[in-house]
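Student: Build me a model:
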Amino acid sequence: MNDRLGEWGDHITLQSAADRFAAKICLLTSFRDTCFIEIMPQDQAPKRELWLSFWSEVHYNSLYDNKAVPVQQKPKRKHWLF
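Tutor: Here you go, the predicted model:
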């Protein structure tokens, strides 16, 4: 959950994000016994809801409603000087 390569986030990172952004974080996991986890902000009511998927010990991904999928912008062309 960190944007630096090789960095790992964990439950403490998710709790911090929930607290900071007043968000309920809904986590769909690859664990059989806990395939759905809700992380609530500790000192305030949630103002938004974020959905993530988590493949155990591998990767987090954000999840979107089909109607809310972000539109991908065309990449800007890069011009190189030689």
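
Student: Packing partners of the helix or strand hosting residue 14?
Tutor: Using DSSP states H and E, residue 14 sits in helix 11-21. Judged by 3 or more Cβ pairs under 8 Å, 6 or more residues apart in numbering; DSSP states H and E, helix 11-21 is in contact with strand 23-29, strand 36-39, strand 48-55. Yep, even glycine has a C-beta here, placed from its N, CA and C like the rest.

Student: Now do the buried residues in the shortest one.
Tutor: Same thing as strand 36-39. Burial within strand 36-39, assessed by neighbour count using 16 or more other Cβ atoms under 10 Å, is assigned to residue 39.

Student: Could you tell me which strands sit next to that strand in the sheet, and their orientation?
Tutor: strand 23-29 (antiparallel) (DSSP bridges).

Student: With the last one instead?
Tutor: Strand 48-55 has the following strand partners under DSSP bridges: strand 23-29 (parallel), strand 59-62 (antiparallel).

Student: if we can go back for a sec, which residues are contacting the helix holding residue 14?
Tutor: Contact with helix 11-21 is made by 1-2, 23-25, 27, 39-44, 46, 48, 50, 52, as judged by Cβ atoms under 8 Å, 6 or more residues apart in numbering.

Student: could you give the angle of that helix to strand 23-29?
Tutor: Per axes from the mean of the first three to the mean of the last three Cα atoms, to 10 degrees, the angle that helix 11-21 makes with strand 23-29 is 150 degrees.

Student: Buried residues in helix 11-21, which are they?
Tutor: Under 16+ other Cβ under 10 Å, the buried positions of helix 11-21 are 14, 17, 18.
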